[in-house]
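Participant: Test case, fold it:
(2 chains)
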Number of protein chains: 2
Amino acid sequence: MLQVVIIGSGNVAQHFIKALANSANAKVVQAFARHLQDLEHLLPATAITSSYESLKEADVYIIAVKDDAIAHVSSQLPFTGRLVVHTSGSSGMEQLDNKNRRGVFYPLQTFSKNKEIDFYVVPLCLESEQEADYQTLEDLANGLSRSIYKIDSEQRKALHVAAVFVNNFTNHMYTIGDEICSQNNIPFGILGPLIQETADKINTLSPKNAQTGPALRHDGQTIQKQVDLLEKENHKELYTLITQSIQQTNE
Amino acid sequence: MLQVVIIGSGNVAQHFIKALANSANAKVVQAFARHLQDLEHLLPATAITSSYESLKEADVYIIAVKDDAIAHVSSQLPFTGRLVVHTSGSSGMEQLDNKNRRGVFYPLQTFSKNKEIDFYVVPLCLESEQEADYQTLEDLANGLSRSIYKIDSEQRKALHVAAVFVNNFTNHMYTIGDEICSQNNIPFGILGPLIQETADKINTLSPKNAQTGPALRHDGQTIQKQVDLLEKENHKELYTLITQSIQQTNE
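Facilitator: Residues are numbered from 1 along each chain as shown, chains lettered A, B, ... in the order given. Down below sits the predicted model:
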């Protein structure tokens, strides 16, 4: 049984604590939170500390804090030579203090406080500085997810940008759909099945092959009418630039 | 039992023929196809015609052809005073020849030839010129879908633009994610669960409230690093413009 310490109390830390509670080969022996009450609904009070000096011995320390706090937190650890990983998509492994054995344990998913996640389908992207530690991370990952990838720091940065496109930017497309609907007294829910089908389709087609619409068809008349119809300037600009990008991609 | 004639043999026409085969209160009595063989896998040969003169009497004629053919096809019909609808999101009802009673029966979904659709969840957007015909369209829709909306021509044009954002443009975000992955030897499938969760999330949160990421956080350092990391010029431009749009929307 792998002994794990979680450092952090935010969304990602909490999702890890919940997921590890269901793991057959790892358990959370302790969590670090500046405010103990942030984790009291998940762990017994005796398993939460706010003092670095009280951290217990463990096989893996998972630092799940904001990107810009990783370096500081890892430098505060009062021990050396142990396996310490962070969970960030956009930070290199070298953000961690090199007094410990370093690694990354990056869950490629968007976590919300009030929405449960099926952790078993979350892709886990693993990296370790020392070859021998990779096996430990893989064992830990196997108890949590069916989907495990060896991803180095350079790949992970690229992956994080890709995630910004398919998650943050896609969600902004939904926001614009919502804005257009409310300007025209149409309930946004009417777009739900289309949004769902758009996401489902790429399970059977590559997104390039799934592309449809006036941009792809170079239907200049519809494109112009639609740009004219948009009320907000940023919607017009986005419509035009994304249309151009679709046409360039499919040249 | 409502008698329906389908005019057209493309994706939308075929999905309607299949959906109507399961309807309890309507049936396809005939379909019109320029090439009979396009529909022979769906209907008996005797129920397919390529001659306008042979069209049977019916309660509703559904014209499911390309947008720019609607006016011509509707003018070719050799009868007057009957209920004729088109299925287009971007065409006004007035595209139809006014010798017949006009209406619109717009399924808000993306249809592919090789992917089955659960028609029961497809939103149907209805409009009729004459009040009395609305009831007929609603009866027809009730046998096909659980999700029926009264949408006039102006609203429908706006809705079609919203659909371009949440479907065509979202799919382009997936394409860019795919491009970034393949430039970095990462399988695109790794993004699947994130894409799915992004679509699922708006069932419980408005897209505006679901927004996350460096743009929303005004995390200028990450934004600059990510733009620098992108290799293609159109990706850089889109990243920058969508980031600005997210920040404007959430000011």
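
Participant: Alpha carbons of the helix or strand in which residue A:16 is found, as CSV, please.
Facilitator: Using DSSP states H and E, residue A:16 falls within helix A:11-21. Output of helix A:11-21 as CSV, limited to C-alpha atoms (Å, rounded to 0.1, in the frame of the first residue of the first chain):
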residue,chain,number,x,y,z
ASN,A,11,-10.2,21.7,-6.0
VAL,A,12,-7.5,19.5,-7.3
ALA,A,13,-6.2,18.5,-3.8
GLN,A,14,-9.8,17.6,-2.8
HIS,A,15,-10.5,15.5,-5.9
PHE,A,16,-7.2,13.6,-5.3
ILE,A,17,-8.2,12.9,-1.7
LYS,A,18,-11.6,11.6,-2.8
ALA,A,19,-10.1,9.5,-5.6
LEU,A,20,-7.4,8.0,-3.3
ALA,A,21,-10.1,7.0,-0.8
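
Participant: can you tell me which residues contact the residue most central in space within chain A?
Facilitator: Nearest to the mean C-alpha position of chain A, by C-alpha atoms, centre = their mean, lies residue A:109 at 3.4 Å. Residue A:109 makes contact with A:117, A:122-123, B:193-194, B:197, according to C-beta atoms under 8 Å, 6 or more residues apart in numbering or on different chains. Heads up, the C-betas are built off the backbone N, CA and C, glycines and all.

Participant: looking at this, it is in a helix?
Facilitator: No - looking at residue A:109 with DSSP: H, G, I helix; E, B strand; the rest coil, it is coil, so not inside a helix.

Participant: Sketch out the helices for the stretch 151-251 of chain A, chain order is fine.
Facilitator: Taking DSSP state H, counting those that start in this stretch to define them, one finds helices in the stretch 151-251 of chain A at A:153-163, A:170-183, A:192-201, A:207-210, A:220-229, A:233-249.

Participant: out of those, which comes closest to residue B:204?
Facilitator: Nearest to residue B:204, of all the helices of the stretch 151-251 of chain A, is helix A:192-201, at 11.6 Å by C-beta to C-beta.

Participant: That closest one near chain B at all?
Facilitator: Yes - Helix A:192-201 lies within reach of chain B by C-beta under 8 Å from any C-beta of the partner chain, at A:192-199, A:201.

Participant: Would you convert those into JSON lines that also reports distance to residue B:211 and neighbour count?
Facilitator: Shown next, in JSON lines, are those (distance: C-beta to C-beta, whole Å; neighbours: other C-beta atoms under 10 Å in any protein chain shown):
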{"residue": "A:192", "distance to residue B:211": "18", "neighbour count": "19"}
{"residue": "A:193", "distance to residue B:211": "22", "neighbour count": "21"}
{"residue": "A:194", "distance to residue B:211": "20", "neighbour count": "22"}
{"residue": "A:195", "distance to residue B:211": "15", "neighbour count": "24"}
{"residue": "A:196", "distance to residue B:211": "19", "neighbour count": "17"}
{"residue": "A:197", "distance to residue B:211": "22", "neighbour count": "20"}
{"residue": "A:198", "distance to residue B:211": "18", "neighbour count": "27"}
{"residue": "A:199", "distance to residue B:211": "17", "neighbour count": "21"}
{"residue": "A:201", "distance to residue B:211": "23", "neighbour count": "20"}
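
Participant: In contact with residue A:231, which residues?
Facilitator: Residues near residue A:231 by C-beta under 8 Å, 6+ apart: residue A:183.

Participant: domains for chain A, by residue range?
Facilitator: Under automatic domain parsing, the residue ranges defining each domain of chain A are A:2-151, A:156-249.

Participant: so for the longest one, what's the average pLDDT?
Facilitator: Averaging the model's pLDDT scores along domain A:2-151 yields 96.

Participant: quick one: terminal-to-terminal distance for that domain?
Facilitator: By C-alpha to C-alpha, to the nearest Å, the extent of domain A:2-151 from end to end equals 22 Å.

Participant: picking up where we left off before, highest mean neighbour count across the domains of chain A, which stretch is it?
Facilitator: Comparing the domains of chain A by mean neighbour count (mean count of other C-beta atoms under 10 Å in any protein chain shown), domain A:156-249 ranks first with a mean of 19.

Participant: To which secondary structure element type does residue A:103 belong?
Facilitator: Three-state call for residue A:103 (three-state DSSP): strand.

Participant: what residues are up against it?
Facilitator: Going by C-beta under 8 Å, 6+ apart, residue A:103 touches A:83-85, A:93, A:126-129, A:133-134, A:137.

Participant: 7 Å - rerun?
Facilitator: The neighbours of residue A:103, taking C-beta atoms under 7 Å, 6 or more residues apart in numbering or on different chains as the test, are A:83, A:85, A:93, A:127-129, A:133, A:137.
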